[in-house]
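Visitor: here is my input, please return the structure:
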Amino acid sequence: MTENKMTVRFYKKTSAQLTYVEKLWENNPMLVDKMPGTRNAFINMLLTDYLSIIIKNQDGNNKVTYEDLKKKLLTPKNTQLEELKRNQYHLEDRINAMFYLLLISNKVLAENGGLKELGSMFEYGTPEYKIYHELMNLVDEDNKRLFASVRQKNKQK
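Guide: Numbers count the residues shown, from 1 in each chain. Next up is the predicted model:
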């Protein structure tokens, strides 16, 4: 391997961060597979990894700016937002089940003469309550099958 010697002057903040990470890894060796033997090797490892990330995300992609990439990498994932997304999917499932319930009930009611005998799907013990919960179980089972097949396809890739 050819070595290119270069002198680099670090800002105080950068130097403090390097020292912090170096001490962190020395005190917690499980955080890194192999701690470099010298400070020079340590800095080279960090710089090489960082540059690899930049190259991977920007090579051939003129739309990703350095600032966007930095923001993406440094912004913590919003767990509240992820929870809201999961809740949205559950609500969509419930809405789909309600559409099925609406279709079924309209078909049955049209065949039997109207809406006069329709009970509450939220009142325990009514036939509508039982149908609604059976539909919820059907939607849940359908989602389980879908997610299982998606996971299996992702494992095959």
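Visitor: list the buried residues in the longest helix belonging to the chain.
Guide: Secondary structure of the chain read by DSSP state H shows that its longest helix is helix 79-112. Buried residues in helix 79-112, counted by 16 or more other Cβ atoms under 10 Å: 97, 101, 105. No exception for glycine: its C-beta is placed from N, CA and C like everyone else's.
Visitor: over to stretch 57-72?
Guide: residue 69.
Visitor: tell me the mean pLDDT for that stretch?
Guide: The average pLDDT for stretch 57-72 rounds to 84.
Visitor: which residue, other than its chain neighbours, is closest to residue 21?
Guide: Among residues not flanking residue 21 along the chain, residue 46 sits closest, at 7.5 Å (Cβ to Cβ, 6 or more residues apart in numbering).
Visitor: any stretches of the chain with poor pLDDT?
Guide: 1-2, 113-116, 154, 157 (pLDDT under 70).
Visitor: now with 90?
Guide: 1-8, 26-37, 39-40, 53-54, 56-123, 126-129, 131-157 (pLDDT under 90).
Visitor: quick one: the strands in it?
Guide: For the chain, no strands are identified by DSSP state E.
Visitor: could you pull out the helices in it for me?
Guide: Using DSSP H, helices in the chain cover 12-27, 39-58, 66-74, 79-112, 127-156.
Visitor: distance of residue 105 relative to residue 130?
Guide: 13 Å (Cβ to Cβ, to the nearest Å).
Visitor: next one: residue 12
Guide: Counting by Cβ to Cβ, the gap from residue 12 to residue 130 is 70 Å.
Visitor: more crowded one of those two?
Guide: residue 130 (12 against 7; other Cβ atoms under 10 Å).
Visitor: coming back round to it: reformat the helices of the chain as JSON lines; add distance to residue 120.
Guide: JSON lines is the format used below for those (distance: least, Cβ to Cβ, whole Å):
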{"stretch": "helix 12-27", "distance to residue 120": "59"}
{"stretch": "helix 39-58", "distance to residue 120": "54"}
{"stretch": "helix 66-74", "distance to residue 120": "48"}
{"stretch": "helix 79-112", "distance to residue 120": "12"}
{"stretch": "helix 127-156", "distance to residue 120": "6"}
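Visitor: which one of those helices lies closest to residue 4?
Guide: Closest approach to residue 4 among the helices of the chain is made by helix 39-58 (10.9 Å; Cβ to Cβ).
Visitor: tilt between that closest one and helix 12-27?
Guide: Orientation note: helix 39-58 sits at an angle of 110 degrees relative to helix 12-27 (axes from the mean of the first three to the mean of the last three Cα atoms, to 10 degrees).
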